[in-house]
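*Asks:* would you be able to build a 3D model of this:
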Amino acid sequence: MPSVHVSLPAALTSPEPPVVLDCEAGTVAEALRAAVAQAPRFAQRIYFGDRLLVSVVVNGRHVPPATALATTLVSGDRVEVMPPVAGG
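*Replies:* Numbering: from 1, shown residues only. Prediction:
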């Protein structure tokens, strides 16, 4: 299983500092599950039930929500979890 890094930014982890978790995962879905298993306190900020609440960036490229969870990962990939942004 590939070893990947999951990055949770301060906007998602506040009031705690940003977190980078090392996970064994072959897909984004597996990486997020592994990250939540390591840091369950952030689960409600990433998921609402089974629905993903965040955007996903893999190696600096935004992954479309429809395919994000099924995206295949290789060792060394960096998965960044981006919280939703709203405003006007």
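*Asks:* which residues are contacting the worst-scoring helix or strand of the chain on mean pLDDT?
*Replies:* Least confident helix or strand, the chain: strand 51-52 with a mean of 91, by mean pLDDT, DSSP states H and E. Strand 51-52 is contacted from outside by 32, 46, 65, 68-69, using C-beta atoms under 8 Å, 6 or more residues apart in numbering. Every residue, glycine included, has its C-beta placed from N, CA and C.
*Asks:* show me the strands in the chain, by range?
*Replies:* 3-8, 19-24, 47-48, 51-52, 55-58, 61-63, 78-82 (DSSP state E).
*Asks:* separation between the nearest residue to Val19 once chain neighbours are set aside and Ala66?
*Replies:* Closest residue to Val19 apart from its sequence neighbours, by C-beta to C-beta, 6 or more residues apart in numbering: Leu8 at 4.5 Å. Distance, Leu8 to Ala66, using C-beta to C-beta, to the nearest Å: 22 Å.
*Asks:* ok, Val57 next?
*Replies:* With C-beta to C-beta as the criterion, Val57 and Ala66 are 15 Å apart.
*Asks:* and those two? Which one has more around it.
*Replies:* Taking neighbours as other C-beta atoms under 10 Å, Val57 and Ala66 compare with Val57 leading, 16 against 7.
*Asks:* apart from its neighbours in sequence, what residue is nearest that one?
*Replies:* Nearest one to Val57, counting by C-beta to C-beta, 6+ apart, is Glu80 at 4.1 Å.
*Asks:* tell me the pLDDT at that neighbour?
*Replies:* Looking at Glu80, its pLDDT is 97.
*Asks:* what do you get for Gly87?
*Replies:* pLDDT, Gly87: 66.
*Asks:* got the phi and psi for Leu69?
*Replies:* Backbone torsions for Leu69, taken as degrees, to the nearest 10, come to phi -70, psi -30.
*Asks:* and for the one 4 residues further on?
*Replies:* Dihedral angles of Leu73 (phi, psi; degrees, to the nearest 10) stand at phi -120, psi 150.
*Asks:* residues contacting it?
*Replies:* Going by C-beta under 8 Å, 6+ apart, Leu73 touches 2, 4, 25-28, 30-31, 58, 79.
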